[in-house]
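Q: coordinates for the following, if possible.
(2 chains)
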Amino acid sequence: MKNNPAMPVIKVKDLTCGYGDNVVLRDLSLAVRAREVLFVIGGSGCGKSTLLRCLIGLLKPFHGDIAYFGKSFTAADTGQRRDILKTFGVLYQNNALWSSMTLAENISLPLEEHTSLSRADREDVVALKLTEVGLTGSGELYPAELSGGMQKRAALARALALDPAIVFFDEPSEGLDPIVSREMDQLIRQVSDNFGTTMIIVSHQLSSIFRLADRVIMLDHDTKGIIAEGVPAELAATSPDPRVKDFLNPGGDLPKRTNDPLGEGLNLVTK
Amino acid sequence: MAGNLSLPEARPVIPTATAQVQAGVNGSDRQVTIGGDWELSERVPSWPTVLGKGPAVNILVIPGKLGKWDTSLVLFLVHGRSWCAAAQKRFNIEALPENLQTLLRQVPEKATAKPIMKAAARSGWDMALDFATRWEHKARQNVSFLGECTLGFMGMAKHPRRFRWLDCLVEMQRCWASALPMVSLVSFLVGVILAFQSAVQLQQFGAAIYVADLVGLSVVRELGPMMAAFIVAGGTGARFAAQLGNMKVDDEIDALETVGISSVNFLALPRLVAVTVMMPILALYANVLGVLGGMTVSAVMLNIPASAYWIETQNRVGFSDLATGLFKCFFFGLAVGLAGCLRGMKCDRSAAGVGTATSSAVVTGILLIVLADALFAVIFNVLRI
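A: Residues are numbered from 1 along each chain as shown, chains lettered A, B, ... in the order given. Predicted structure coming up:
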């Protein structure tokens, strides 16, 4: 495990959230240290995306508190909230690039909104961000003109536009082939090493978890909270909870193909 | 067959040419041999036909020369199993291929299958409460959106440089370009129709020239602005809802919010300003076309020269008539913009949601236009303008 300074940049206390009458997470508490790469894992419907939406302010929790750098986000007024929003970037599962703008405009918009950089300086920053993610010279392209992997990189460049201290990732490898997924992981590692960015990644890609995570927390649908927390390799080897072990050790062969002695078995009608 | 029990829907047929089923006897049980090729496109053999009449017995199914088979064979076995279960007889398929047995096990027996939970019947009071809750939630959303727009306009007045003027100009251009052909046609035809209808009556009294008065006043005060507003609601209002709805579905609006940019200020305000500014211009254009329509009918049908028609129109239609018509247009434009932006930004995150938002934007826009027009009719009447 990386030796990160033990200073919580995010503190979640007794968070209860959900939709309407449906409580998805109950009394969840969590602390994230600076420079940490934390994975949020769990089966479908366990509340990973719900937790993420609460953390980035898109979903108001029923109760509980979320604090960034010691300042409450849930109780913040408009001005304080705006200041906190500047400290993190978000990479959405479907990228959420603004489709009517070029990549350069996508990255430039947060800079226009939150900085007083001149147009020329903003263009320089945009070029730098695109180079960081391997999209040099692609600024004038529109999102629809990019492949899935390139869109992910562009979305990451936008998330990094303000050099945030924290970046949230929602399923960064979703829809990517294994090679592009590995390249994405390398990019995430690069950003983490170069900028010391704290990263919270919602994912169920085991390869990424074992490659990148300093720590994982596992959520569970029935428990509505965290059922395991720790270094992925250690949890995979020693967790007493079968749900955790099954999730982190999915190996296990399928039964051998049955040998039908009477012929062709179930066949699709082809006429 | 046993007593009153019957197999599920016996299809009126005989084993197919390809699927083969033979019933025999095995002690006190019936032995059914299945063979041949089974295809879903063929009818599934029926058990009554296979077993014939007689009391319920245990059934042993064994494979014969079984060729290719698909779900139709599984269905046949499911029917047989259900019948045996109901008659509390044994349905033995242990001699069949393992994969066939596995498939059959995956089809839950009716007795153990979980019943579909139907929603409990709700009382009228529950339904009314549910309706009131949803209405209250919608009303809260609408008021909140109006509030954000108001704050946005105030912010725009304080910091005009922060307003997205380029986006606003682009929307004005789109609004004009999309509405112009329809406004031209509809307004002209409205003038024509009004002139026709009034000419028939007025000619009887030798007062044909007053067609100009009637068409001029009706078009300039009411029909020009309203027709233009309806067309803009159907075109521009729907486009706003579709654009913003798709942005909602693709999380683009969430992405703006998490970057600290107000989506109302960024997306809705430029559109509202654009359509509010364009509406009076389109209404003026509609007025001209409406008067032209009336003039055409008068010239052709009533032999009233265009110059005489125009002079009569000028004499009757005053500045206050024109001003009241155009004044209302600002509010019509605001209504169309609010309806389109609100429906789009609050739509459900699905393709169906975007479709509903688009049609709802048009209906809401038209409703608001008519309500506003009715209100202004009362106000202008009281003010005697």
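
Q: ok, which stretches of chain B are helices?
A: Per DSSP state H, chain B has helices spanning B:47-51, B:71-87, B:98-106, B:124-158, B:165-204, B:211-218, B:224-232, B:238-249, B:252-258, B:263, B:269-301, B:306-316, B:319-345, B:351-383. These are given in chain order.

Q: turn those helices into JSON lines, including mean pLDDT, mean neighbour count and distance to A:Glu183.
A: Placement of C-beta: from N, CA and C, glycine included. Converted to JSON lines, those look like this (pLDDT from 0 to 100; neighbours: other C-beta atoms under 10 Å in any protein chain shown; distance: least, C-beta to C-beta, whole Å):
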{"stretch": "helix B:47-51", "mean pLDDT": "81", "mean neighbour count": "18", "distance to A:Glu183": "59"}
{"stretch": "helix B:71-87", "mean pLDDT": "86", "mean neighbour count": "20", "distance to A:Glu183": "43"}
{"stretch": "helix B:98-106", "mean pLDDT": "83", "mean neighbour count": "15", "distance to A:Glu183": "40"}
{"stretch": "helix B:124-158", "mean pLDDT": "91", "mean neighbour count": "12", "distance to A:Glu183": "41"}
{"stretch": "helix B:165-204", "mean pLDDT": "94", "mean neighbour count": "17", "distance to A:Glu183": "35"}
{"stretch": "helix B:211-218", "mean pLDDT": "95", "mean neighbour count": "23", "distance to A:Glu183": "68"}
{"stretch": "helix B:224-232", "mean pLDDT": "96", "mean neighbour count": "27", "distance to A:Glu183": "48"}
{"stretch": "helix B:238-249", "mean pLDDT": "96", "mean neighbour count": "23", "distance to A:Glu183": "28"}
{"stretch": "helix B:252-258", "mean pLDDT": "95", "mean neighbour count": "22", "distance to A:Glu183": "23"}
{"stretch": "helix B:263", "mean pLDDT": "94", "mean neighbour count": "19", "distance to A:Glu183": "32"}
{"stretch": "helix B:269-301", "mean pLDDT": "95", "mean neighbour count": "23", "distance to A:Glu183": "38"}
{"stretch": "helix B:306-316", "mean pLDDT": "94", "mean neighbour count": "15", "distance to A:Glu183": "72"}
{"stretch": "helix B:319-345", "mean pLDDT": "96", "mean neighbour count": "23", "distance to A:Glu183": "35"}
{"stretch": "helix B:351-383", "mean pLDDT": "96", "mean neighbour count": "16", "distance to A:Glu183": "32"}
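
Q: can you say which helix or strand has A:Phe210 in it?
A: If you go by DSSP states H and E, A:Phe210 is part of helix A:206-212.

Q: return the residues of chain B in contact with chain A.
A: Along chain B, the residues adjacent to chain A under the rule C-beta under 8 Å from any C-beta of the partner chain are B:39-41, B:63, B:66-71, B:97-100, B:102-103, B:247, B:250-252, B:254-261.

Q: interface residues of the stretch 51-200 of chain A facing chain B?
A: With C-beta under 8 Å from any C-beta as the criterion, the stretch 51-200 of chain A meets chain B at residues A:56-58, A:81-82, A:85-86, A:88, A:90, A:92-94, A:96-99, A:109-110, A:113-114.

Q: check whether the strand or helix carrying A:Thr16 comes near chain B.
A: Taking DSSP H and E as the definition, one finds A:Thr16 inside strand A:8-19. No. Strand A:8-19 lies out of reach of chain B by C-beta under 8 Å from any C-beta, never closer than 12.2 Å.

Q: pull up the pairing partners for that strand, direction included.
A: Here the strand partners of strand A:8-19, with direction, are listed using DSSP bridges: strand A:22-33 (antiparallel), strand A:63-68 (antiparallel).

Q: neighbouring contacts of it?
A: The set of residues that contact strand A:8-19 without belonging to it, under C-beta atoms under 8 Å, 6 or more residues apart in numbering or on different chains, is A:23-34, A:50-51, A:54-55, A:59-70, A:165-166, A:198, A:200.

Q: with mean pLDDT and mean neighbour count added, can I get the strands paired with strand A:8-19 in JSON lines?
A: Below are the strands paired with strand A:8-19 laid out as JSON lines (pLDDT from 0 to 100; neighbours: other C-beta atoms under 10 Å in any protein chain shown):
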{"stretch": "strand A:22-33", "mean pLDDT": "94", "mean neighbour count": "17"}
{"stretch": "strand A:63-68", "mean pLDDT": "95", "mean neighbour count": "18"}
